[in-house]
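K.L.:
Below: sequence and its predicted model.
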Amino acid sequence: MNTLSVHIAAKRYPNGSCAIQGLAFDARPGEFVAIVGPSGAGKTTLLKIISGLDTDFDGAVQTGSDARIGFMFQEPRLMPWLTVAQNLALVDPTATGQRLTDALERVGLKDCAALFPKQLSGGMQRRVAMLRAFLMAPQLLLMDEPFQSLDAPTAGQLREQLLTLWQDSKPTVLFVTHNLQEALSLADRVLFLTPGPSHIALDFAVELARPRALDSEAVQRMAQELLQAHPDLLRGTLGTHA
Ligand SMILES: Nc1ncnc2c1ncn2[C@@H]1O[C@H](COP(=O)(O)OP(=O)(O)OP(=O)(O)O)[C@@H](O)[C@H]1O
């Protein structure tokens, strides 16, 4: 995939409200970029524009002409009438036999191929959704608060599995989150958005070695330093805990 290049001069909804104004950034191939901003800042709107679902904006997004783009949402969006294996086969028909077993093992779901979504916990369903996103071999993966409302240990496991999958195939990732520590534990770089109409207030490189647990001293310290340096940007919009 080429460098992702995003330049949104303005995004207005038909009711006249302006969600995004003057927002621009590039992301290198394979870069893991977190996007953090207050509720209503336009994060979901931004991902919809980048994915091509929303073309009604002033500006340009370059993803490369044949870039495969994957999406993972907060809700797993699995087909309830299909088994785990069948849900995965929808995006990758070659995901059968040993290849399927290996893939499921990567996300701790070795014995779940024949189960239906309703037989899985919320965390397990999200693992299937995450695996599905990677099985389509995206060059760009857009993730919209994918681990929101999971308990802390489950979210921690999913973060570890996400990094393993990402490091295997290295798509460019744009990961929207409200959680500053989650952003710092995962990303190469964090883009902080202003309240809407949003633009980028701070483009922050996370220069910490991996793995970095969310509750590690290094992540906690970096979060505290950011909160002290940019209280207006971060106050009231971001939890400092998982
Ligand atoms: N279809 C729509 N029509 C009109 N306004 C919209 C529409 N969708 C979103 N908006 C407005 O655009 C702004 C950005 O919304 P968006 O959902 O992108 O924000 P967000 O940062 O993802 O919010 P959250 O963190 O709460 O999910 C908000 O003010 C919202 O009310």
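P.N.:
Sure thing, it's come through.
K.L.:
what comes into contact with the longest helix anywhere in the chain?
P.N.:
Longest helix in the chain, counting residues (DSSP state H): helix 152-169. By Cβ atoms under 8 Å, 6 or more residues apart in numbering, the residues outside helix 152-169 that reach it are 32, 106-108, 122-123, 126-127, 130-131, 134, 137, 141, 146-147, 150, 173, 182, 185-186, 210-211, 213-214, 242. Using the backbone N, CA and C atoms, a C-beta is placed for each residue, glycine as well.
K.L.:
How far off centre is that helix?
P.N.:
Chain-centre distance of helix 152-169: 11 Å, with Cα atoms, centre = their mean, to the nearest Å.
K.L.:
Contacts made by the very next helix or strand once past that helix with the rest, please.
P.N.:
On the C-terminal side of helix 152-169, the nearest following helix or strand under DSSP states H and E is strand 172-177. For strand 172-177, contacts defined as Cβ under 8 Å, 6+ apart pick out 1, 4, 27-36, 43-44, 47, 50, 139-148, 166, 183, 186-187.
K.L.:
Stretch 76-83 now?
P.N.:
In contact with stretch 76-83 (Cβ under 8 Å, 6+ apart) are residues 84, 86-87, 90, 113-118, 122, 125-126, 128-129, 132.
K.L.:
so which of the residues you listed are also by the ligand?
P.N.:
When contact is defined as Cβ under 6 Å from any ligand atom, those do not meet the ligand at all.
K.L.:
Filter those down to the buried ones, ChimeraX style.
P.N.:
Here is the ChimeraX command that selects the buried residues among the contacts of stretch 76-83 (16 or more other Cβ atoms under 10 Å):
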select :84,87,113,116,117,125,126,128,129,132
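K.L.:
circling back: could you pick out the buried ones from the contacts of helix 152-169?
P.N.:
Buried by 16+ other Cβ under 10 Å: 32, 106-107, 123, 126-127, 130-131, 134, 141, 146-147, 150, 173, 182, 185-186, 214, 242, out of these.
K.L.:
Show me what counts as buried in the one helix or strand Asp102 maps to.
P.N.:
Per DSSP H and E: Asp102 is located in helix 97-106. Buried residues in helix 97-106, counted by 16+ other Cβ under 10 Å: 100, 103-104, 106.
K.L.:
Tell me which residues are up against stretch 99-113.
P.N.:
With Cβ under 8 Å, 6+ apart, stretch 99-113 has contacts from 83-85, 88, 95, 120, 124, 127-128, 130-131, 135, 157, 161, 164-165.
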